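Asker: let me see the structure of the following:
(one chain, ligands or ions: 1)
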Amino acid sequence: MKKILFVASEAVPFIKTGGLADVAGSLPKCFDKEYYDVRVMIPKYMCMKQEWRDQLNYVNHFYMDYLGQSRYVGILQYEYEGITYYFIDNEWYFNGDRPYGDWLFDIEKFAFFCNAALSALPVIGFQPDVVHCHDWQTGLIPVYLKDRFRGGEFFQNMKSVITIHNLKFQGVWDVKTIQYLTGLSDYYFTPDKLEAYKNGNLLKGGIVFADAITTVSDTYAEEIKVPFYGEGLDGLMRARSNSLRGIVNGIDYDEFNPATDTFIEKNYSAENFRKEKIKNKRALQKELGLEENDKLMMIGVVSRLTDQKGFDLIQYVMDELCQDAVQLVVLGTGEERYENMFRHFAWKYPGRVSANIYYSNPLSHKIYAACDAFLMPSLFEPCGLSQLMSLRYGTLPIVRETGGLKDTVEPYNEFEGTGTGFSFANYNAHEMLDTIRYAEKIYYDKKRDWNKIVDRAMAKDFSWNASALKYQELYDWLIG
Ligand code: GLC
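Answerer: Residues are numbered from 1 along each chain as shown. Alright, predicted model coming up:
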């Protein structure tokens, strides 16, 4: 049995701020259980729903020296869908109403978490062959495995993988502070290790010291080797390109299944969407107070409202777009300027624009089921999961050709009768608008062709099956 430990800062269903949580929570159960024992470790946040917190079982605790103090590390455990989850408890670090808040405190919090996660392993008697880390929050683990945890037999052969879900967030502060918080010696603070542009950088540590690096699509794996997408680390990505590969994300095909989804008004499948899908649109128009009109093309947006997602483009042409026969349904929270932008347009175009500035899992499912198209004009997109959910629900993605969007959405070609969505290349608002209008044209004037695109979209397989095999190959190769 090969033993794998996922260490992450979030995982569904326990805690989620973004796509990382979907991956950390849905990938582990897709490995071949006969050969792989995959477990997951996350912090026990105070802001986790009470119903989850109440169910966790206490396993053990110990005290760990960190920043000159002896600190409590509790370990709790919970079995969920056949996977063992461990939760690291410390009320000082994992308090607050959100998993992340203040940058500096977050860096200290996750430096503590990385130390605690590795220290907890001998205590629970789980000795992974591979520790699979995710994003900057766990970037110190590959470093510690080659440093302070290297001596003893327990950690000697432990390998590490780091998956980059988003290169933009790196965990950066001045060298002196990072050195203090990590307890690492001067040796580590040179430009070939944790130092980057005179600062300390936790993600960089992970990328330098991990035995393998992955990111969540092939295109993003290439993109981050150039300055535009490299976030200052493109040189490092080029230097480590032999150890870097892209493995595209999947989604949970049981959770996201229009034929069985209990959140949606009317279930449907690839066989009967032509008749049944529309019932979801009707229900959502009613629920959100939109104009109740079967004919209007409904476009969905479910997203963290950050500049990564291309909202500047939408803002720029929103008035023009709203002259067309379309409805726009938005769900998500994030930067205030985008929250207010959508609130403004919902006020300006009642019946046409619905701005739902909060997060709701049930509403997200309803949007995937109800809409005709799904808009995702990202500036960069390591993988993107919503377009996969949209494809699954026969809701055609309109995307910019970057990262995982480029790898998973095949643009419609009216001459060959191929494609599963619509796409444009440049980060340009009118290029996006032209693409949306092209989609409108197909939707209104060539409904049969539109429905054939839906056929192809729903026939695609973006479950975890193929990608889980690729991770297994990678683990096998590392374990040797
Ligand atoms: C981050 C990325 C997104 C990716 C997700 C899961 O949220 O921005 O593109 O799909 O991580 O890997």
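
Asker: so Leu184 makes contact with Val143?
Answerer: Yes. Counting by CB atoms under 8 Å, Val143 is a contact partner of Leu184 at 6.8 Å. (C-beta placed from N, C-alpha, C; glycine too.)

Asker: which one's more surrounded, those two?
Answerer: Val143 (24 against 21; other CB atoms under 10 Å).

Asker: burial check on the closest residue to the ligand within the stretch 101-250 of the chain, number of neighbours?
Answerer: Closest approach of the stretch 101-250 of the chain to the ligand (CB to the nearest ligand atom) occurs at His165, with a separation of 3.4 Å. His165 has 23 neighbouring residues, counting by other CB under 10 Å.

Asker: wait, it sits on Val23?
Answerer: Yes. Contact status for His165 versus Val23: in contact at 6.9 Å, counting by CB under 8 Å.

Asker: hey, what's in contact with both of the two?
Answerer: Taking CB atoms under 8 Å, 6 or more residues apart in numbering as the contact rule, His165 and Val23 both touch His134, Val216.

Asker: spatially nearest residue to Arg39 (excluding sequence neighbours)?
Answerer: Leaving out its chain neighbours, the residue that sits closest to Arg39 by CB to CB, 6 or more residues apart in numbering is Thr84, at 4.5 Å.

Asker: check which helices and strands the helix or strand hosting the one you found sits against.
Answerer: Assigned by DSSP states H and E, Thr84 falls within strand 83-89. If contacts are counted by 3 or more CB pairs under 8 Å, 6 or more residues apart in numbering; DSSP states H and E, strand 83-89 sits against strand 36-43, strand 69-80, helix 103-124.

Asker: which of these is buried the deepest?
Answerer: Of those, the one with the most neighbours on average (mean count of other CB atoms under 10 Å) is strand 36-43, at a mean of 23.

Asker: residue of this protein closest to the ligand, please.
Answerer: Closest point on the chain to the ligand, by CB to the nearest ligand atom, is Gly19, at 2.8 Å.

Asker: how about the residues of this protein by the ligand?
Answerer: Proximity of the chain to the ligand, by CB under 6 Å from any ligand atom, involves residues 18-20, 23, 165-166, 216, 249, 381-385, 404.

Asker: residue contacts, the residue of the stretch 101-250 of the chain closest to the ligand?
Answerer: Per CB under 8 Å, 6+ apart, neighbours of His165: Gly19, Leu20, Val23, His134, Asp135, Thr215, Val216, Pro382, Cys383.

Asker: what pLDDT, on average, does the strand holding Thr84 get?
Answerer: On average, the pLDDT along strand 83-89 is 98.

Asker: surely Asn465 and Cys30 touch.
Answerer: Yes. Asn465 is within contact range of Cys30, at 7.0 Å (criterion: CB under 8 Å).

Asker: which one of these two has more residues nearby?
Answerer: Neighbour comparison, Asn465 and Cys30: the larger count goes to Cys30, with 20 against 11 (by other CB under 10 Å).

Asker: how near is the more buried one to Tyr36?
Answerer: Distance, Cys30 to Tyr36, using CB to CB, to the nearest Å: 10 Å.

Asker: related to what we said a few turns ago, show me what the residue nearest to Arg39 bridges to in the sheet.
Answerer: Taking DSSP bridges, one finds Glu79 as the beta-bridge partners of Thr84.

Asker: count of residues packed around it?
Answerer: When neighbours are counted by other CB under 10 Å, Thr84 comes out with 17.

Asker: contacts only, for it.
Answerer: Per CB under 8 Å, 6+ apart, neighbours of Thr84: Arg39, Val40, Gln77, Tyr78.

Asker: go ahead and confirm the first one touches Tyr80.
Answerer: No. With contacts defined as CB under 8 Å, Arg39 does not count as touching Tyr80, sitting 11.0 Å away.

Asker: distance of the residue of the stretch 101-250 of the chain closest to the ligand from Met158?
Answerer: For His165, the distance to Met158 equals 22 Å [CB to CB].

Asker: again with Arg240
Answerer: 20 Å.

Asker: between these two, point out the one with more neighbours.
Answerer: Each of Arg240 and Met158 has its neighbours counted (other CB under 10 Å); Met158 has more, 22 against 16.

Asker: pLDDT score assigned to the nearest residue to the more buried one once chain neighbours are set aside?
Answerer: Spatial nearest neighbour of Met158, chain neighbours left out: Leu145 (5.7 Å); criterion: CB to CB, 6+ apart. On pLDDT, Leu145 comes in at 97.

Asker: contacting residues for Leu145?
Answerer: Leu118, Val131, Phe155, Met158, Ser160, Phe209.

Asker: could you spell out the sheet neighbours of whichever strand or helix holds the second one, each with its direction?
Answerer: Here Val131 sits within strand 130-134, counting by DSSP H and E. Each strand that pairs with strand 130-134, with its direction, by DSSP bridges: strand 2-7 (parallel), strand 159-164 (parallel).

Asker: C-terminal to that strand, what's the next element?
Answerer: Once the chain leaves strand 130-134, the next helix or strand it forms, by DSSP H and E, is helix 140-145.

Asker: which is the next helix or strand following that next one?
Answerer: Using DSSP H and E, the helix or strand that follows helix 140-145 in sequence is helix 153-156.

Asker: on contacts alone, who are the packing partners of that following helix?
Answerer: Counting contacts by 3+ CB pairs under 8 Å, 6+ apart, helix 153-156 is packed against helix 103-124.

Asker: mean confidence score for the helix it packs on?
Answerer: On average, the pLDDT along helix 103-124 is 98.

Asker: then it to PDB, C-alphas only?
Answerer: Extracted in PDB, the C-alpha atoms of helix 103-124 (Å, rounded to 0.1, in the frame of the first residue of the first chain):
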ATOM      1  CA  TRP A 103      -0.900  38.600   5.300                       C
ATOM      2  CA  LEU A 104       1.700  38.600   7.900                       C
ATOM      3  CA  PHE A 105      -0.400  36.700  10.400                       C
ATOM      4  CA  ASP A 106      -1.200  34.200   7.600                       C
ATOM      5  CA  ILE A 107       2.400  33.600   7.000                       C
ATOM      6  CA  GLU A 108       3.000  32.900  10.700                       C
ATOM      7  CA  LYS A 109      -0.100  30.700  10.800                       C
ATOM      8  CA  PHE A 110       0.900  28.500   7.900                       C
ATOM      9  CA  ALA A 111       4.500  28.300   9.000                       C
ATOM     10  CA  PHE A 112       3.100  27.000  12.300                       C
ATOM     11  CA  PHE A 113       0.800  24.700  10.300                       C
ATOM     12  CA  CYS A 114       3.600  23.200   8.300                       C
ATOM     13  CA  ASN A 115       5.700  22.500  11.400                       C
ATOM     14  CA  ALA A 116       2.700  21.000  13.200                       C
ATOM     15  CA  ALA A 117       1.600  18.900  10.200                       C
ATOM     16  CA  LEU A 118       4.900  17.100  10.000                       C
ATOM     17  CA  SER A 119       5.300  16.900  13.700                       C
ATOM     18  CA  ALA A 120       1.900  15.200  14.000                       C
ATOM     19  CA  LEU A 121       2.800  12.300  11.700                       C
ATOM     20  CA  PRO A 122       4.800  10.200  14.200                       C
ATOM     21  CA  VAL A 123       2.100  11.000  16.800                       C
ATOM     22  CA  ILE A 124      -0.700   9.500  14.700                       C
END
